[in-house]
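Student: Show me how the following folds:
(chains A and B)
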Amino acid sequence: MAAGCRFVAGYPITPSTEVVERIARRFPMMGGTFIQMEDELASMAAIIGASWTGTKSMTVTSGPGFSLMMENIGLAAMMETPCVVVNVQRGGPSTGLPTMTGQADMMQARWGSHGDYELIALSPQSPQEAFDLTIEAFNLSERFRVPVLFMMDECVGHMTEKVVIPPAERIEVVPRRLTAEPPGTFRPYRVNGKSIPDFARAGDGYRFHTTGLTHDEQGYPVMSEECQESCVRRLVEKIRHHVDEIVHVEEEGTDGADVVLVTYGITARVARMGLELARKRGVKVGVVRLIVVWPFPEKRIRELAGKVKAFVVPEINYGQMVLEVERCAAGRAATILVPHGGGGVHDPEDICGAILGALK
Amino acid sequence: MSTVLKRTEVCAEDHPIAPFIRMDRMPHIWCPTCGIGTVVKCFATALDQSGVDLDKVAIVSGIGCTGRVAGYMKLDAFHTTHGRAIPFATGLKLGRPELIVSVFSGDGDLAGIGGNHFIHAARRNIDLLVILVNNFIYGMTGGQNAPTTPLTARSSTMPYGNFERPFNLPHLAASCGASYVARWTCLHIRRLTKSFVEAIHRKGFRFIEVIAPCSTLYARLNKLGTGFDLMRHYHDHAEIRHGADTRELEIGFQDTIVCGKFVDEERPTFLEMMHEHYRKTLGDRFVPMPPEGGWIHE
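Tutor: Numbering: from 1, shown residues only, chains lettered A, B, ... in the order given. Just a heads-up that it's a prediction; the model follows:
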């Protein structure tokens, strides 16, 4: 709401439902519309439609619903539609553990919809960050015209903690960047040397066309290798060329560390306890916490790989973000996964054990 | 001897519906004798006659032959994913309530893969004009069985004839709560156009089914001749029965096609129900989304 979101479409799914319940209460009093759709396919399609009117929009779900949203997340990427998709992760696969935590949708977030595209995903570790980073998620989606995935987990989703909500004037909100061009000459996907086109919203007389098909700058379908190349390349490069502006990590103790933890979400807080235990035993250990998970902070991990002996990656899955760490380490540092099947969080002793084991 | 017209001649800008069509995208992809173009012509004519502000009209299509309509109409136009035109259009309408939102798609898209959205949008009586072109088959993918294929008709996935009962779409829409329900064929161009004009001025979920020939697949697989023969069938077998009991509108193979307007009732729409309810329960605390959308103005 503070980010300017005024349209939410959702379908009830544990453990995310509290978000839409809250919105259903608040929106009628602040000029927003919430609609409970018939399923998650409809919810995702509806928020894309609403976003094309300039109204900022969001949907909220968990694993099974996230799977159903995948095709239309691809549509949002292809049509370059700003929107936010919240996934309060639970244990999977399939129905899995509806009321218990997981972090096993991280690769699906990156690769879940078919075809080549780039998007942005964030992972909060606390209720405070759930507030602050949701605003960042909306702002990033407006700046880069991509769906932004907000990858919570059940623990953070259900956590009760103090949250400081700053006064409205101190919250930076990026508005929709509407084109200044008149309807006659406007082209919905013309970039004029930039990487992201300006936006025209439905109902302003532009009579534009947009499609999920491979398209030219006019938004017209063109079935050719050349058009595919220019269309997809721009979708990918608009993020890849701006990675440094998007990447957001929090680091502590990485200078001179022998072991670096790479972690995110609730696991970052548990890993912190494992780190303290290891420090008490004299290990020089630091931590890189991923706040923006996708795009992955490739450059930083590569730099660290030349300095540290090992990366330790605890996550509530059987190895997802660890694959990125391993790829960026490229054999220059050991990469150790501390897996967890879900339904709970790691035992800090296990993380400490992995840190100690990494030095053997 | 036949002559081949130059593209520029075919796309003559002085065609009466040229202002509604993206002439720079002509020629279209539809087969000769396909009925979709006729429906587009009637819709464009209806838009012209209706006098609505075209800047406020949006059109949404899904996937398939009819799914290409949005791509050819000079409106704010959205060519979306298979089956999801109705929920996408729902978002457009709720995101900017002043818009007139139309959905133009085929039977496979709206009644097959998108069937769930169809019934829920009708139930909510949300302000959408839904035009469904029914050619009894999946055209774009090559003639597979549709949820509208008549019993015993052949399709490429029912090579021995269809044994599934088809949807009776006007009955489906009416029983779910649509405020306007009509069916016409491609032959009824004046009545269809009139129906479009009427529906544009109505509120709520308005559903118009248009039976259209697919000579390339439906007629060929069923040995029914050309598109012209299908039109002749409409001429001989269409029966106009306004206000007919929608339970009796199922279409059998090469059987009677009952046409007409079956439902035209003023019922509160989704937005009207929502606004009235919030005014009643929240009083002055209710702040509706502005007609131009919930966009944060700088």
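Student: Tell me the pLDDT of B:Gly95.
Tutor: If you check B:Gly95, the pLDDT there is 98.
Student: nope, A:Gly184 is what I meant
Tutor: On pLDDT, A:Gly184 comes in at 89.
Student: can you check B:Trp184 too?
Tutor: 98.
Student: Which positions within the helix or strand harbouring it qualify as buried?
Tutor: Assigned by DSSP states H and E, B:Trp184 falls within strand B:180-185. For strand B:180-185, burial by neighbour count (16 or more other C-beta atoms under 10 Å in any protein chain shown) applies to B:180-185. Every residue, glycine included, has its C-beta placed from N, CA and C.
Student: what is the mean pLDDT for whichever helix or strand comes after that strand?
Tutor: On the C-terminal side of strand B:180-185, the closest following helix or strand by DSSP H and E is helix B:189-201. For helix B:189-201, mean pLDDT is 98.
Student: And stretch B:84-91, by the same measure?
Tutor: 98.
Student: hmm, that stretch touching chain A?
Tutor: Yes: applying C-beta under 8 Å from any C-beta of the partner chain, one finds stretch B:84-91 touching chain A at B:84, B:86-91.
Student: Centre-most residue in chain A?
Tutor: A:Ala121 (1.4 Å; C-alpha atoms, centre = their mean).
Student: who are the neighbours in contact with the closest residue to B:Ala121 other than its chain neighbours?
Tutor: Of all residues not flanking B:Ala121 in the chain, B:Ile86 sits nearest, at 4.9 Å (C-beta to C-beta, 6 or more residues apart in numbering or on different chains). By C-beta atoms under 8 Å, 6 or more residues apart in numbering or on different chains, the residues touching B:Ile86 are A:42, B:60, B:103, B:110, B:114, B:117-118, B:121, B:128, B:130.
Student: Which strand or helix spans B:Ile86?
Tutor: Secondary structure assignment for B:Ile86, by DSSP H and E: helix B:85-95.
Student: after that helix comes which helix or strand?
Tutor: The element immediately downstream of helix B:85-95 (helix or strand, assigned by DSSP H and E) is strand B:100-106.
Student: how about that following strand, does it get close to chain A?
Tutor: No: for strand B:100-106, no contact with chain A is found by C-beta under 8 Å from any C-beta; the gap never falls below 8.6 Å.
Student: In the stretch 101-250 of chain B, what residue spans correspond to strands?
Tutor: With strands called from DSSP state E, counting those that start in this stretch, the stretch 101-250 of chain B shows them at B:128-134, B:180-185, B:205-211, B:238-240.
Student: Which among these is found nearest to A:Lys360?
Tutor: Of all the strands of the stretch 101-250 of chain B, it is strand B:128-134 that lies closest to A:Lys360, at 65.2 Å by C-beta to C-beta.
Student: avg pLDDT for the closest one?
Tutor: Strand B:128-134 carries an average pLDDT of 98.
Student: which residues sit against that strand?
Tutor: Identification of contacts with strand B:128-134 by C-beta under 8 Å, 6+ apart yields B:35-36, B:39, B:43, B:65-66, B:86, B:89-90, B:93, B:100-107, B:110-111, B:118, B:121, B:148, B:169, B:196, B:199-200, B:205-212.
Student: What of stretch A:331-342?
Tutor: Contacts of stretch A:331-342 (C-beta under 8 Å, 6+ apart): A:90-92, A:96-97, A:100-104, A:267, A:304-306, A:308-319, A:322, A:325-326, A:329, A:346, A:350-351, A:354, A:357-358.
Student: Of the residues of stretch B:84-91 next to chain A, just say which sits nearest to chain A.
Tutor: Each of those was checked against chain A using C-beta to the nearest C-beta; the closest is B:Gly91, at 2.7 Å.
Student: Tell me how far the closest one lies from A:Val8.
Tutor: According to C-beta to C-beta, to the nearest Å, B:Gly91 and A:Val8 sit 10 Å apart.
Student: Next, show the common contact partners of the two.
Tutor: Joint contacts of B:Gly91 and A:Val8 (C-beta under 8 Å, 6+ apart) are A:47, A:57.
Student: Neighbour count for the two, which is higher?
Tutor: Neighbours around B:Gly91 and A:Val8, counted as other C-beta atoms under 10 Å in any protein chain shown, are more numerous at B:Gly91. The numbers are 31 against 27.
Student: list the contacts for that one?
Tutor: Neighbour list for B:Gly91: A:7, A:9, A:45-53, A:57 [criterion: C-beta under 8 Å, 6+ apart].
Student: same deal with A:Ala354?
Tutor: A:Ala354 sits next to A:274, A:312, A:314, A:336, A:338 when contact means C-beta under 8 Å, 6+ apart.
Student: Before I go, just wanted to say thanks for your time.
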